[in-house]
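S.K.: Here is my input, please return the structure:
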Amino acid sequence: MSKIINSLFIVFLFVSCSSETSPTTTPTETNYFPPITGTTWETKSISSLDWKQTAVQPLLDYLELKNTKSFMILINGRIVMENYFNGHSTTTNWYWASAGKTLTATITGIAEQEGFINLNNKVSDYIGTGWTSLPLAKENLITNKHLLTMTSGLEDLDNDDCVTPDCLTYKADAGTRWAYHNVYLKLQDVITKATNQTWNNYFNTKLRDKIGMNGTWVTIGNNSVYMSTSRSMARFGLLMLNKGKWDNNSILNENYFAAATTTSQNINQAYGYLWWLNGKSSYHLPQSQLQFPGSIIPTAPNDLFMALGKNDQKIYVVPSKKMVVIRMGDTADNTNLALSDFDKILWQKISALYQ
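M.R.: Got it, this is the predicted structure:
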């Protein structure tokens, strides 16, 4: 009898241990990074995510209606949706517009971690005095961080994105006023001087080539604008989803990444280091000094951060969903705004996929 009891006890232990060690849910999927060279990129189907196939076509119809050229969704780095419209393709370059500000923010962080610059140092330490039309005492208040956070206090009276000294006039002391301004481009001059390299060379070797992007900087009017394929934009979004890491390589210091994607000053809660932040208690828009209550895109996840450009160029990054969303194209609503109701409705359509 004791032998039978002992045998049953051993079986019970075996079953119990097996139950405890066997996973009851599918393990978290590992992050995927596409190869640096070539066109290989792993995909993941809508059905494998248990998303709603019926929500796909309404999303695509809306994107096409709103003058979209390309649209991508990545989950854990894998392509879930990749759609092109109006002759656009995987090999077509398109401009990032102000979404490319985040590229400058990223390179600024890399230059700081390499010891070339300090965010808290004044801009004139690197490019000399007289880069604005301000009195020296006022100009010397402006630091690299003020350029990153849109709090330089400068204004462009002609509103033509000019960044020559005669255009950069005084509006308020640095750090006391948030205003969207093209003066952030001076960070490119700071990095050029500090590294003793051309902007293009430093950008390409420290960021572009390390994550397999294509593309180039071009001058359009008074702007330095990045142009690339949609997949290159998605690669950058994937780098940011992974907090500045690409596979096992740290491209951007994680502390800087964290600062860049959280509120950077106490005026506009929805702004980091040239990144827009969702889910904050209030926000300012680029065109106004008004403060609006609530989240910028109430239909999107609260932890979303984004790069936004003229004519609705978009990089949306959602850490909680391991998601990157890319949209390139012409303006959605016959205006040149970087942020509009298009974002709200688009996220209603995206959310319908998984809700």
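S.K.: Could you say which helix or strand holds Thr108?
M.R.: helix 101-113 (DSSP states H and E).
S.K.: next one: Asn83
M.R.: Going by DSSP H and E, Asn83 is part of strand 78-84.
S.K.: Could you count how many residues lie near Asn182?
M.R.: Neighbour count for Asn182, taken as other Cβ atoms under 10 Å: 21. For glycine as for every other residue, the C-beta is placed from the backbone atoms N, C-alpha and C.
S.K.: Identify the residue spatially nearest to it, adjacent ones excluded.
M.R.: Leaving aside its sequence neighbours, Asn182 sits nearest to Asp161 (Cβ to Cβ, 6 or more residues apart in numbering; 4.1 Å).
S.K.: can you map out the strands along the stretch 101-250 of the chain?
M.R.: Applying DSSP state E, counting those that start in this stretch to the stretch 101-250 of the chain gives strands spanning 154-156, 168-170, 216-220, 223-228, 245-246, 249-250.
S.K.: So for Tyr202, which of those strands sits nearest?
M.R.: Taking Cβ to Cβ as the criterion, Tyr202 comes closest to strand 216-220 out of those, the separation being 11.2 Å.
S.K.: low pLDDT regions in the stretch 101-250 of the chain?
M.R.: For the stretch 101-250 of the chain, the stretches with pLDDT under 70 are 158.
S.K.: Can you tell me what sits against stretch 68-76?
M.R.: By Cβ atoms under 8 Å, 6 or more residues apart in numbering, the list of residues contacting stretch 68-76 from outside reads 29-32, 44, 49, 60, 63, 79-86, 88, 92, 94, 230-231, 234, 237-238, 241, 321-330, 332, 350.
S.K.: list the contacts for Gln289?
M.R.: Arg177, Ala179.
S.K.: Could you look up the SS state of it?
M.R.: With DSSP: H, G, I helix; E, B strand; the rest coil as the basis, Gln289 sits in coil.
S.K.: per-residue confidence for it?
M.R.: pLDDT for Gln289: 90.
S.K.: circling back: then the strand holding Asn83 to CSV, C-alphas only?
M.R.: Presented in CSV, the C-alpha positions along strand 78-84 are these (Å, rounded to 0.1, in the frame of the first residue of the first chain):
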residue,chain,number,x,y,z
ARG,A,78,8.3,43.3,-38.3
ILE,A,79,6.2,44.7,-41.1
VAL,A,80,2.4,44.2,-40.6
MET,A,81,1.2,46.7,-43.2
GLU,A,82,3.1,48.3,-46.1
ASN,A,83,1.0,50.1,-48.7
TYR,A,84,1.9,52.5,-51.5
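S.K.: Might you calculate how far it sits from the centre of the chain?
M.R.: Mean-position distance between strand 78-84 and its chain equals 18 Å (Cα atoms, centre = their mean, to the nearest Å).
S.K.: Also stretch 256-267?
M.R.: Distance, centroid of stretch 256-267 to centroid of chain: 13 Å (Cα atoms, centre = their mean).
S.K.: returning to what we had before: taking the contacts of stretch 68-76, please make a PyMOL selection of just the buried ones.
M.R.: Restricted to buried positions by 16 or more other Cβ atoms under 10 Å, the PyMOL selection for these reads:
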select buried, resi 32+44+60+63+79+80+81+82+83+84+85+88+94+230+231+234+237+238+241+321+322+323+324+325+326+327+328+329+332+350
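S.K.: OK, contacts around Gly100?
M.R.: Shown in contact with Gly100 (Cβ under 8 Å, 6+ apart): Val225, Tyr226, Ala307, Gly309.
S.K.: That'll do, ta.
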